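[1] sequence? don't have it. structure:
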């Protein structure tokens, strides 16, 4: 066989091999394409699951004013509504400032919180990073005095010593504003009334020892001062507000999380509204469930009678009661606790109840702005003429 012929056979053989390889590759590509078309579920769904898996880091306090969270986050109600694709991580707080710090530092995404810390968080971030998306509770705070304190009316407050849970917190502002409105000033402001910031549990102790004359506290501490420490209610704070309603708890969210995860927030608010309705329709059972979950997370329970009385003094709600928060902000400003030395703050952007209203509409419930939230103009000046100023 001559060399020219051998080269010809080699070329032919090599060409056949290349053709076979090309044909094999083509066949593999076609088979693969057919397989992908025939079985899209296994590949596409795996990708979708990976893409849709989300995390919600949510804070709350082990208080009855945060009952929806205490019950629903710990008995599985919230997780059922949020679904398997949302991983829920919970963080418990005992004070508003630490919750706000965690929210602004991106350690949590959402938290149940009192109105004054919510205001502070909004102002600290220049109105950029915090939004109130729902209410949680209303009422549930009282001014309780010792029976042997010599205080029978507001005119007897001079020269006395009182406590509040924390300097500048919601109850502290309420107490100081009440004193000013009735002609009294604290020691540091040239008056003769002392107000001490003391943790709620310690207030009960010093109250029993007779070291303070009274305290402005939230439930269940107000009821405990009455039932366990021979106290009497001088003033139920509901008496100072139109219709007896004022915000005690809200839900706030970081604005970036709200922007990027509206689906998760909607599910959260669905769970929150459902839990609110269940609590209000099953009060006795809800109190028992609250105690069960409280014991689970803290190892402690509240006396059932104390808990029952405490629940009767507050309202579990999803209405953020917007005007009452503006009023609280005005009071805090007038007392020098927020924006001291600056112009009265503008809180007009603190609320975003768009998703809450969607949830309510889907459940056949009235929208927030159609209830007591913001439309009630005749309430705007009740308890303070400056409400309009703070939203101007």
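    Received, thanks. Everything numeric in this text was worked out from a predicted model, so none of it was measured.
[2] just the helices in the stretch 51-200 of the chain please.
    Here the stretch 51-200 of the chain has its helices, by DSSP state H, counting those that start in this stretch, at 67-72, 77-82, 96-104, 115-124, 170-181, 200-209.
[3] Indicate which one of these is closest to residue 221.
    helix 200-209 (4.7 Å; Cβ to Cβ). C-betas here are computed from N, CA, C, even on glycine.
[4] Now do the closest one: everything it contacts.
    Here helix 200-209 makes contact (Cβ atoms under 8 Å, 6 or more residues apart in numbering) with 144, 146, 163, 165, 198, 212, 214-215, 217-218, 221, 224-225, 228-229, 231.
[5] What segments of the stretch 201-350 of the chain are helices?
    221-228, 255-260, 262-281, 283-298, 304-312, 322-334.
[6] So which of those helices is the most surrounded?
    When those are scored by mean count of other Cβ atoms under 10 Å, the highest mean neighbour count falls to helix 322-334 (a mean of 25).
[7] counting contacts, what elements does it pack onto?
    Helix 322-334 makes packing contacts with helix 115-124, helix 170-181, strand 247-254, helix 387-390 when contacts are defined by 3 or more Cβ pairs under 8 Å, 6 or more residues apart in numbering; DSSP states H and E.
[8] what's the angle from that helix to helix 170-181?
    On the basis of axes from the mean of the first three to the mean of the last three Cα atoms, to 10 degrees, helix 322-334 is oriented at 70 degrees to helix 170-181.
[9] Buried subset of the contacts of helix 200-209, written for ChimeraX?
    Those of those that count as buried under 16 or more other Cβ atoms under 10 Å are selected in ChimeraX with:
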select :144,146,163,165,198,212,214,215,217,218,221,224,225,229,231
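[10] quick check, nearest of the contacts of helix 200-209 to residue 279?
    Taking the contacts of helix 200-209 together and measuring to residue 279 by Cβ to Cβ, the closest member is residue 218, at 17.1 Å.
[11] so who does the closest one touch?
    63, 65, 140-141, 165, 170-171, 200, 248.
[12] The contacts of helix 200-209: which two are farthest apart?
    146 and 218 (18.5 Å).
[13] so what's the nearest residue to residue 194 once chain neighbours are set aside up against?
    Using Cβ to Cβ, 6 or more residues apart in numbering and skipping residues adjacent in sequence, the residue nearest residue 194 is residue 161, 4.3 Å away. The contact partners of residue 161, by Cβ under 8 Å, 6+ apart, come to 193-194, 196, 211-213.
[14] In strands only, show me those residues.
    Applying DSSP state E to those, the entries found in strands are 194, 196.
[15] Just give me the neighbour total for residue 235.
    18 (other Cβ atoms under 10 Å).
[16] Touching, it and residue 178? I think so.
    Yes. Residue 235 is in contact with residue 178 according to Cβ atoms under 8 Å; the separation is 7.3 Å.
[17] Give the residues shared as contacts by these two.
    Residues touching both residue 235 and residue 178 (Cβ under 8 Å, 6+ apart) are residue 143.
[18] give the contact list for the residue nearest to residue 216 when sequence neighbours are not counted.
    Leaving out its chain neighbours, the residue that sits closest to residue 216 by Cβ to Cβ, 6+ apart is residue 175, at 3.8 Å. By Cβ under 8 Å, 6+ apart, residue 175 lies in contact with 143, 162, 164, 195, 216.
[19] Appreciated, that's everything.
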